[in-house]
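Undergrad: next input, structure requested:
(one chain, ligands or ions: 1)
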Amino acid sequence: MIKACVIGWPISHSRSPIIHGYWLQKHGIEGAYTREPVEPERLAAFLGSLVQNGYAGCNVTLPHKETTFGLVKPADEATRLLGAVNTVYVRDGAILGTNTDGEGFINSLKAGAPELEIKGSRAIVLGAGGAALAIVNALLTNGAAEIVVINRSAGKSSALCERFGARVTSADWSLRSELLDDCDLLVNTTSLGMKGQPELDIDLHRLDSKAVVTDIVYTPLRTALLNDAARRGNRVVEGLGMLLHQAVRGFELWFGTRPSVTTELHDLVARDIDPEYGK
Ligand code: ATR
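TA: You can find the predicted model right below:
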């Protein structure tokens, strides 16, 4: 029996057990994936006894992503740059950590907007937190020509830009509607539009009809930003896609089979988020 889990504090909201549980069943693998509440003071001990407790690895969510980075061996360059880990696995007795948010974002975009050519594109990224960092890095790796990071706190967006070259610039939050001309991709990485949070106030009238709009928020499944963009005829990619696609590599690392993000899986998680989905 191969075991994995997701750790966080709190952890009750995590949908990862639904995703991995679906894949375990689909592939007929004798395994388990559970939610484990781990208080910050217990994180180092939990990771240190991962193998003794029979785990092949775990997912890491709030508030442990950065602390975990300091407690495991970064598995790759991108993880080192991000300074945050969302997937932990064991290889040859060592505890390794990687970050699959970037590939989750890109693969979700490829699945949801196959016509978008990331190479050579101009993207606008709203927000400058950990998710924005992973997304900017992934877009650059995939050949984006220009990325403008727009954040409420200007200090955070300029600090993010300084980590990259001239292809990434920052702009003032008040300019978010004005700068949408010539944009191929608009990404919201802020928490605005999330259930219980204020709406994202942005005017899309300058946005080209061919631009793709995506949101990392997935509660609700369709944010006001996505509804607004879809009404204008823009292609939209929902945030749930990133959640599903970021889970793929962890499952492959722990259970040895690369799973697929199917419509059936999408609908299963969508119904958990919104019981009215598909009705
Ligand atoms: P994550 O690591 O998941 O990206 P985060 O670091 O908390 O989360 O980032 C949240 C993002 O949402 C930030 O860019 C934040 O802007 P600030 O850097 O100015 O805090 C943005 N955000 C949250 N509430 C906001 C609001 N009311 N208006 C504008 N931006 C907001």
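
Undergrad: and the longest helix for the protein?
TA: Looking across the chain with DSSP state H, the single longest helix is helix 240-255.

Undergrad: check which helices and strands that helix sits against.
TA: Counting by 3 or more Cβ pairs under 8 Å, 6 or more residues apart in numbering; DSSP states H and E, the packing neighbours recorded for helix 240-255 are strand 2-8, helix 16-26, strand 55-60, strand 87-91, helix 101-112, helix 263-273. Yep, even glycine has a C-beta here, placed from its N, CA and C like the rest.

Undergrad: could you pull up phi and psi at whatever residue of the stretch 51-200 of the chain ends up closest to the ligand?
TA: The stretch 51-200 of the chain approaches the ligand most closely through Gly129 (2.3 Å), counting by Cβ to the nearest ligand atom. Here is the backbone geometry of Gly129 (degrees, to the nearest 10): phi -90, psi -160.

Undergrad: next one: Arg35
TA: Residue torsions, per degrees, to the nearest 10, at Arg35 are phi -100, psi 130.

Undergrad: let me know the pLDDT of the residue of the chain most remote from its centre.
TA: The centre of the chain is farthest from one residue, Gln52, which by Cα atoms, centre = their mean lies 29.7 Å away. Gln52 is assigned 95 on the pLDDT scale.

Undergrad: follow-up on the earlier one: now the longest helix of the chain: buried residues?
TA: 240-251, 253-255 (16 or more other Cβ atoms under 10 Å).

Undergrad: picking that back up, contacting residues around the residue of the stretch 51-200 of the chain closest to the ligand?
TA: 156, 189-190 (Cβ atoms under 8 Å, 6 or more residues apart in numbering).

Undergrad: same deal with Asn151?
TA: Contact analysis of Asn151 by Cβ under 8 Å, 6+ apart lists 126-128, 132, 157, 160, 170, 173, 190.

Undergrad: kindly recompute the last result at 7 Å.
TA: 127-128, 157, 173 (Cβ atoms under 7 Å, 6 or more residues apart in numbering).

Undergrad: so which of the buried residues of helix 240-255 is the closest to the ligand?
TA: Closest to the ligand, out of all of the buried residues of helix 240-255 and judged by Cβ to the nearest ligand atom, is Met242, at 11.5 Å.

Undergrad: quick check: the closest one touching Asn107?
TA: No - the pair Met242 / Asn107 is not scored as a contact, 8.4 Å apart, by Cβ atoms under 7 Å.

Undergrad: just give the closest residue to Ala113, not the sequence neighbours.
TA: Val212 (4.4 Å; Cβ to Cβ, 6 or more residues apart in numbering).

Undergrad: now do Glu238
TA: The shortest distance from Glu238 to any non-neighbouring residue, by Cβ to Cβ, 6+ apart, is to Leu221 (5.7 Å).

Undergrad: residues near the one you found, how many?
TA: A count of nearby residues for Leu221, using other Cβ atoms under 10 Å, gives 18.

Undergrad: hang on, the residue farthest from the centre of the chain in a helix?
TA: No - counting by DSSP: H, G, I helix; E, B strand; the rest coil, Gln52 falls outside a helix, being coil.

Undergrad: quick one, what contacts Asp172?
TA: Shown in contact with Asp172 (Cβ under 7 Å, 6+ apart): Ala154.

Undergrad: of all the residues in this structure, which ones are close to the ligand?
TA: Within the chain, the positions near the ligand by Cβ under 6 Å from any ligand atom are 127-132, 151-153, 156, 189-192, 198.

Undergrad: confidence score at Ser191?
TA: Ser191 is given a pLDDT of 98.

Undergrad: wait, it touches Gln197, no?
TA: Yes - between Ser191 and Gln197 a contact is recorded at 5.1 Å, counting by Cβ under 7 Å.
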